[in-house]
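J.: only geometry, no sequence info:
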């Protein structure tokens, strides 16, 4: 037992050293945060606010004309602010929600009269949990690499996001007299009908190196640690066009003059960040163990150790509790996980978790694992999209501010992978996670490759 404790201490030291080495070899983060890089797509000049119109706001213009440069700024218009916040919050929250593999791989044991008795035959599932624990004094240590690129946001191609920003409803003292109509109505004066159309294209690729260790405290209790190191690479482009409603003299323009306005603008932005993600602690208790069926309970927590501004972490604690059931028919082991995920932050909803699947030992060295993995949103979405914009004048009509649909962010994934045992106590992992619906921010494929060692 003393030897096992010494080896566990060595493993923990290796985890710390590997984490430090990975951080040193990761691409350095730029001085500007990754969230700022996204905001740059909405900024058309150095030192300006998002959606500020430098042409209309030219200090050489009379004060009455300069004010038009401010009319699309998010701080002046809550609807515009919510569109930009929705994009950045969806990206940041989804990067932090990276998948974590099973707590116990390889063969598992319990001790009877000091003799180890095998409690599983396969190498176990990959992104599901099984009820069996490692066994007293046993250690699982591993490292995995997960990579993906976000492809769709609620089903909309990340290269084809459409946004329409609307004008502030202006109502200043004397406005009614000046324009001869009720300025509280949206569309009075007529220039409030001007709109800004945006075409947004974004690439966000993420690679996560996870270093993890699980220790069998007793035959029925495991405790584990996961240290992720995240690298995120962002590239984006935007094309904006002001759509005047009418009149011969422009009030809103990016550059030029009212008589010769520039009504289009383009922006590009790129950046990367790397560093520690949200560290996770996990504990699993085996409640019942029989040859044919087993039940366990797992809790884990992710702590906000990753930078939220660089989209390496969520910035808030997240925890889940999961009830685990699995059975065994020779080498075929079906399993069911059901639980609840709580997010302490304001950008992500809690979720009901459900995973059903199986792992099957195909031969002495290969295990097939397949799962249906679900995460069903609780309550109304905390990522708010603006509703329809209704104009009152010069005639009543509505405008749709984005092609992103206002739907639930339920997540349903398929998982398919293999575990290989090239040598005793050593397990290789290959897995593909793919979407079966399009809620939330999703990749077309999430790959994972890893290696584990149990002793």
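T.: Perfect, thanks for sending it. Not measured: the values here are computed from a predicted model.
J.: Setting the sequence-adjacent residues aside, check what's closest to residue 343.
T.: Of all residues beyond its chain neighbours, the one nearest residue 343 is residue 318 (4.9 Å), with distances taken as CB to CB, 6 or more residues apart in numbering. For the C-beta atoms, the positions are set from N, CA and C on the backbone; glycine is no exception.
J.: List the beta-bridge partners for residue 289.
T.: Legend: beta-bridge partners of residue 289 under DSSP bridges are residue 294.
J.: Isn't it up against residue 135?
T.: No: the pair residue 289 and residue 135 fails to qualify as a contact (CB atoms under 8 Å) at a distance of 11.1 Å.
J.: between those two, who's got more neighbours?
T.: residue 135 (22 against 17; other CB atoms under 10 Å).
J.: if I've got this straight, that one is in a helix?
T.: No: secondary structure of residue 135 (DSSP: H, G, I helix; E, B strand; the rest coil): coil, not part of a helix.
J.: now it: how far from residue 284?
T.: Distance check for residue 135 against residue 284: by CB to CB, to the nearest Å, it reads 12 Å.
J.: Below-threshold pLDDT in the protein: ranges please.
T.: Residue ranges of the chain with pLDDT under 70: 1-31, 75-76, 79, 96, 104-121, 247-248.
J.: In contact with the residue of it positioned farthest from its centre, which residues are there?
T.: Largest separation from the mean C-alpha position in the chain: residue 177, at 50.5 Å (CA atoms, centre = their mean). Not one residue lies near residue 177 by CB atoms under 8 Å, 6 or more residues apart in numbering.
J.: Give me the distance between it and residue 444.
T.: For residue 177 relative to residue 444 (CB to CB), the value is 58 Å.
J.: For the stretch 201-350 of the chain, which segments are assigned as strands?
T.: 221-243, 255-256, 261-262, 264-276, 280-289, 293-302, 318-327, 332-343 (DSSP state E, counting those that start in this stretch).
J.: Rebuild the ones you listed as TSV, extending it with distance to residue 74.
T.: Putting the strands of the stretch 201-350 of the chain into TSV (distance: least, CB to CB, whole Å) gives the following:
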stretch	distance to residue 74
strand 221-243	14
strand 255-256	21
strand 261-262	22
strand 264-276	16
strand 280-289	34
strand 293-302	30
strand 318-327	28
strand 332-343	25
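J.: Tell me who's in contact with the closest residue to residue 144 other than its chain neighbours.
T.: Leaving aside its sequence neighbours, residue 144 sits nearest to residue 450 (CB to CB, 6+ apart; 2.9 Å). Taking CB under 8 Å, 6+ apart, we find residue 450 in contact with 101, 142-145, 210, 428-429.
J.: Mind telling me the two of these farthest from one another?
T.: Taking CB to CB as the measure, these span a maximum distance of 15.0 Å, between 210 and 428.
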